[in-house]
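Novice: Let me see the structure of the following:
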Amino acid sequence: MTRSGSGEEGYALAVVMVLVFVIGIIGAAFMSLAGNETLSSQGSLNSQRAFWLAESGKARALRFLSELHSPPTSDRVIYQDVAGPDGGTYTVNCLVDTNALWAVEKAFVLDCVGNAGGVQRRIRQRVRMSSFAQYAMFTDNETINGNRIWHITGDVIGGQLHTNGTLCISGTPQFLGRVTSASDRMIGYSNSVVYDMNDWPVGGNNPTFAQGAELNAPYIDVPTTTPELRNQSLFGGLYRASEMDIELGFTGLQAPVASPGWLRTGTIRSRPATGPRSGSGTWRSRSSTATKTSISGASWTGS
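Specialist: Now for the predicted structure:
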């Protein structure tokens, strides 16, 4: 009987030890999982913080550019390791497209890097700067005392034309430069509505657009003071943010590289901004946005 009791006690002890071992393993697994979740959450927080630091640096740099009396002519560091309000830093480099130095529209890339908790995020914003001096004719609207202003046969506009209003055509006026309108239509005499440039001629009206015409173009704020007009014509100009690359993942360590001619060509569309403004210029941001994803800096996809 004694041997039988000892055997049962030994068996029970073995079971208890196994249970303790299993519970210990499960507990360790849960602790490891909790630790990984904590690290993952912290990594996600650092990632978001780094992104918004880069975004803040970009917004601040756009305002900085608009306040310059002359645009940059070479690559420069705008901000270096600026501390954020809740930790982390951002650095912004301005990369100049040397092919556009003497063009009417200057071109830049703002290379913005946010750093938080060892995680970096990079935003590259392509920016064009244009001047009011580029327009042969610029109007905020195409009416006077409530009446339409008509471009008629014999009218010749020798350069670019932009209006925030609706262009009215009567007969065969000639526009030798590119025509842009913030409106979604043009009017042919006397009341024919044209939504597509391919619909001309209409009602005997047949304008010439030698460099093409675009509807639904960006609305451009009109300077309201003489100094503002002078500054926008000669110096600060109008900064338009075009394409933007947002780099995702845990990379973003590449150094900024300037390569002449990198700026993509094509129509740039943007909308009125709600962002920072100054007396010497305005900026607006939207347009096509390319999002690129990287895995260890090797694999890229984009749209």
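
Novice: ok, then the element right after the lengthiest helix in the chain?
Specialist: In the chain, ranked by residue count with DSSP state H as the criterion, the top helix is helix 2-66. Downstream of helix 2-66, the first helix or strand assigned by DSSP states H and E is strand 76-83.

Novice: Mind listing what's buried along that next one?
Specialist: Going by neighbour count (16 or more other CB atoms under 10 Å), the buried part of strand 76-83 is Ile78, Tyr79. Bear in mind the C-beta positions are built from the backbone N, C-alpha and C, glycine included.

Novice: on contacts alone, who are the packing partners of that strand?
Specialist: Using 3 or more CB pairs under 8 Å, 6 or more residues apart in numbering; DSSP states H and E, the elements in contact with strand 76-83 are helix 2-66, strand 89-96.

Novice: Run the angle between it and helix 2-66 for me.
Specialist: 140 degrees (axes from the mean of the first three to the mean of the last three CA atoms, to 10 degrees).

Novice: In its sheet, which strands sit next to strand 76-83, and in what direction?
Specialist: Paired neighbours of strand 76-83 in the sheet (DSSP bridges): strand 89-96 (antiparallel).

Novice: Now the element after the partner strand, going C-ward?
Specialist: On the C-terminal side of strand 89-96, the closest following helix or strand by DSSP H and E is strand 106-116.

Novice: Direction included, what does that following strand pair up with?
Specialist: Strand pairing for strand 106-116, using DSSP bridges, gives strand 89-96 (antiparallel), strand 119-130 (antiparallel).

Novice: closest to Arg185 out of these?
Specialist: Nearest to Arg185 among these is strand 119-130; the distance by CB to CB comes to 24.3 Å.

Novice: Now do that closest one, average pLDDT.
Specialist: Here strand 119-130 scores 83 as its mean pLDDT.

Novice: again, but for stretch 83-95
Specialist: Rounded mean pLDDT across stretch 83-95 is 89.

Novice: cool, and stretch 45-55?
Specialist: Averaging pLDDT along stretch 45-55 gives 89.

Novice: which non-adjacent residue is nearest Gln83?
Specialist: Check again: residue 83 is Ala, not Gln. Using CB to CB, 6 or more residues apart in numbering and skipping the chain neighbours, the partner closest in space to Ala83 is Thr89 (5.5 Å).

Novice: just the helices and strands packed on strand 76-83: most buried one?
Specialist: strand 89-96 (a mean of 22; mean count of other CB atoms under 10 Å).

Novice: CA atoms only for that strand, dumped as CSV, please.
Specialist: Extracted C-alpha coordinates of strand 89-96, given in CSV (Å, rounded to 0.1, in the frame of the first residue of the first chain):
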residue,chain,number,x,y,z
THR,A,89,13.3,66.2,-36.1
TYR,A,90,12.8,67.2,-39.7
THR,A,91,15.2,68.2,-42.4
VAL,A,92,14.3,69.9,-45.7
ASN,A,93,16.5,70.2,-48.8
CYS,A,94,15.6,72.3,-51.8
LEU,A,95,16.8,70.7,-55.0
VAL,A,96,16.9,73.0,-58.0
